[in-house]
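*Asks:* here is a sequence together with a model predicted from it:
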Amino acid sequence: MRAGLVALIALGCTPSENNVNRVYPDITVTPTSLEFGEVPALYAQTAEVTIINAGLDELDIERIDVVSDPGAVFSVDQQGPLVLQNDEQLVMHVVFQPETYVDYTGTVTIWSDDEEEGQFIIPMSGTGVYAPTPDIALSPQVIDFGSVSPPLFSYGTMQIVNEGGASVTLGNIEQSGSSTFTLVGEDPSGYNIPAGQSLTLVYLYTPLDEEGDNGTVTIPSDDPDEPEVTLTLLGNGGGDFDYPDAEIDCPSPIEPRRTVTLDGTGSSDPNGLSLTYQWAIDGTPSGSAVSGLTDDTSSVAYLLTDVAGEYEVSLVVTNSDGVSSAPARCQMDAIPEEDLHVELSWNTANADLDLHLMTSEGQFFAEPYDCNFCNQTPDWGTALDAVDDPSLDLDARWGYGPENINIDAPIDDDYQILVHYYDDNGDDTVVATVKVWSYGIEVYEGSYAMSRDWVWQPGDINWPEGTVGVRDDYWDNSPKAEDGTTDSGPRGCFTP
């Protein structure tokens, strides 16, 4: 402690008339350094530091700073500002919790209005070492009993799993929320679960009505990095329980043969918990071979539309407690942008079917008025003007299709639709399906069971009316040997 007496002597005055006492704050800290030694990684060790005001005036502590290297492994339970009166003391707890197996250093700096020691620095050190630790987990984190009508009841089970290398000891387990959920059997508080083993709990749900119930079970333990886990209990929709909310920015209409972006970033959790995402395809148009989404566990997923028609996708988000949202659904109409869109698909994996679109004067496999895999972009209508010309998007040489022939702005005519079973590739009878879209509206869908080398003519497209006159004609197009017998085999382009 410093002396607080200053003698002020003024000219012409005696010392006894002008003596003034001045008082100061005086910070004292013990200990002045901290050595934690070896501490198992993820475990916490606490040391006490006592701060004393040994001065005659109050001590103002502005703030207390902590620096760790590497990582934020040192912490204190006091931040400031604080005021200590004369002879008053404060016990500050300093915690060292190493993250891994290295040496750590750090400092605690106490900033105060002590004129001589306004910046008091406490050096710290410690070493993280290996030790087996418990690791608690719940499976599942949520028991959803679904819909249960009184007087019926339902049972649900969960496991407390120790995934660590040391035994875990459970603390005092507490249940809150609806009393309709009860634990069956003994209270597991204080129970010890050896490494790699689990404890099964059974809960009974006996609803009083159908309004919905929810509750939580809080399970503390000596797991060093997760000292408390929570089980959620839900019944009959959970009542006033706030579920996560899945939300899709649903684009519609869309176009066939395009990649569609599905954005679920608007999804949220009422408690701000992190979310995981699960997308699913719930419906596709007939003839579609789409079975999944790209990035279906990300907040943004992608759908490749292969045929025209209605697609339906859904999104479920699950928060970090394991509580899932109701599915958000998105229905999208894939509408062709061309005025005329003819589409072929089939139901086997190997067969090769071909779509033909001909003008009224066209002949099967004859140029230029048969648009097919041999003649994919013929020049019809106005010469060198592609807007009235047909275009075969893809020649699908095996499996399901689709094949599409489109015209942006057809000239007035009656267009013939034909389907040719070109090669079976080991398949047998195939069911072919043709759809016609005119002016963005589906005006025809028909199917026919075909054998190899047969041709099916579903009908004619009447333009500009955009209607389909149904024919359902069919014939055997098998090439003939010289003796008149059938000699099936692939044909070259424009071979009769």
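*Replies:* That came through, no problem.
*Asks:* show me what Val66 is bridged to.
*Replies:* Here Val66 sits in beta bridges with Val108, as judged by DSSP bridges.
*Asks:* so it sits against Ile110, correct?
*Replies:* No: the pair formed by Val66 and Ile110 falls short of the contact definition of C-beta atoms under 8 Å, at 10.5 Å. Heads up, the C-betas are built off the backbone N, CA and C, glycines and all.
*Asks:* please identify which of the two sits among more neighbours.
*Replies:* Set side by side, Val66 and Ile110 show unequal neighbour counts under other C-beta atoms under 10 Å, the larger going to Ile110 at 25 against 18.
*Asks:* verify the contact between that one and Val29 for me.
*Replies:* Yes: between Ile110 and Val29 there is a contact under C-beta under 8 Å: 6.8 Å.
*Asks:* residue ranges with poor pLDDT in the protein?
*Replies:* Within the chain, the ranges that satisfy pLDDT under 70 run 1-21, 480-492, 494-496.
*Asks:* give me the most central residue, it.
*Replies:* In the chain, the C-alpha nearest the mean C-alpha coordinate belongs to Tyr277, at 2.2 Å (C-alpha atoms, centre = their mean).
*Asks:* partners of that one in the sheet?
*Replies:* Note on Tyr277: beta-bridge partners by DSSP bridges are Val317.
*Asks:* let me see the contact set for it.
*Replies:* Under the criterion of C-beta atoms under 8 Å, 6 or more residues apart in numbering, the contact list for Tyr277 reads 264, 267, 296-299, 301, 315-317.
*Asks:* show me which of the residues you listed is closest to Glu210.
*Replies:* Set against Glu210, the nearest of these by C-beta to C-beta is Val316 (23.7 Å).
*Asks:* so how far is Glu163 from the closest one?
*Replies:* Val316 is 26 Å from Glu163, where distance means C-beta to C-beta, to the nearest Å.
*Asks:* who has more neighbours out of these two?
*Replies:* Set Val316 next to Glu163 and count neighbours by other C-beta under 10 Å: Val316 wins out with 18 against 15.
*Asks:* so the more buried one touches Ser324, yeah?
*Replies:* Yes: using C-beta under 8 Å, Val316 is in contact with Ser324, at 5.5 Å.
*Asks:* please report phi then psi for Leu82.
*Replies:* Backbone torsions of Leu82, given as degrees, to the nearest 10, read phi -140, psi 160.
*Asks:* would you agree it is in contact with Ile61?
*Replies:* Yes: because the distance of 4.2 Å satisfies C-beta under 8 Å, Leu82 is recorded as touching Ile61.
*Asks:* who has more neighbours, these two?
*Replies:* Counted by other C-beta under 10 Å, Leu82 and Ile61 do not tie: Ile61 has more neighbours, with 23 against 18.
*Asks:* follow-up on the earlier one: mind listing which of the contacts of Tyr277 are in strands?
*Replies:* 301, 315-317 (DSSP state E).
*Asks:* could I get those residues as CSV with distance to Thr377?
*Replies:* Conversion of those to CSV gives the following (distance: C-beta to C-beta, whole Å):
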residue, distance to Thr377
Ala301, 34
Leu315, 39
Val316, 44
Val317, 45
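*Asks:* and stretch 104-118, which residues are buried?
*Replies:* Within stretch 104-118, the residues that qualify as buried by neighbour count (16 or more other C-beta atoms under 10 Å) are 104, 106-108, 110-112, 114.
*Asks:* what does stretch 238-254 give?
*Replies:* Residues of stretch 238-254 classed as buried under the neighbour-count rule (16+ other C-beta under 10 Å) are 238-239, 241, 243-244, 246-248, 250, 254.
*Asks:* ok, which pair from those residues is furthest apart?
*Replies:* Taking C-beta to C-beta as the measure, the buried residues of stretch 238-254 span a maximum distance of 38.3 Å, between Gly239 and Ile254.
*Asks:* in the sheet, who's paired with Leu126?
*Replies:* Slight slip there: residue 126 is Gly, not Leu. When assigned by DSSP bridges, Gly126 has beta-bridge partners Tyr104.
*Asks:* contacting residues for it?
*Replies:* With contacts defined as C-beta under 8 Å, 6+ apart, the neighbours of Gly126 are 35-39, 45, 73-74, 96, 98, 103-104.
*Asks:* which of these lies closest to Asp408?
*Replies:* Within the contacts of Gly126, distances to Asp408 taken as C-beta to C-beta reach their minimum at Val73, with 67.1 Å.
*Asks:* burial check on that closest one, number of neighbours?
*Replies:* 25.
*Asks:* wait, it sits on Glu99?
*Replies:* Yes: with contacts defined as C-beta under 8 Å, Val73 counts as touching Glu99 at a distance of 6.0 Å.
*Asks:* what do these two both touch?
*Replies:* When contacts are counted by C-beta under 8 Å, 6+ apart, Val73 and Glu99 have Gly128 as shared neighbours.
*Asks:* which stretches in the stretch 351-496 of the chain count as helices?
*Replies:* Ranges of helices within the stretch 351-496 of the chain: none, based on DSSP state H, counting those that start in this stretch.
*Asks:* can you give me the strands for it?
*Replies:* The residue ranges that make up the strands of the stretch 351-496 of the chain, judged by DSSP state E, counting those that start in this stretch, are 352-358, 370-371, 390-392, 403-407, 413-423, 430-438, 441-450, 454-463, 467-476.
*Asks:* reformat the ones you listed as JSON lines; add mean neighbour count and distance to Val129.
*Replies:* Written out in JSON lines, the entries for the strands of the stretch 351-496 of the chain read as follows (neighbours: other C-beta atoms under 10 Å; distance: least, C-beta to C-beta, whole Å):
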{"stretch": "strand 352-358", "mean neighbour count": "24", "distance to Val129": "68"}
{"stretch": "strand 370-371", "mean neighbour count": "24", "distance to Val129": "76"}
{"stretch": "strand 390-392", "mean neighbour count": "22", "distance to Val129": "70"}
{"stretch": "strand 403-407", "mean neighbour count": "24", "distance to Val129": "67"}
{"stretch": "strand 413-423", "mean neighbour count": "22", "distance to Val129": "70"}
{"stretch": "strand 430-438", "mean neighbour count": "22", "distance to Val129": "69"}
{"stretch": "strand 441-450", "mean neighbour count": "16", "distance to Val129": "70"}
{"stretch": "strand 454-463", "mean neighbour count": "20", "distance to Val129": "78"}
{"stretch": "strand 467-476", "mean neighbour count": "14", "distance to Val129": "79"}
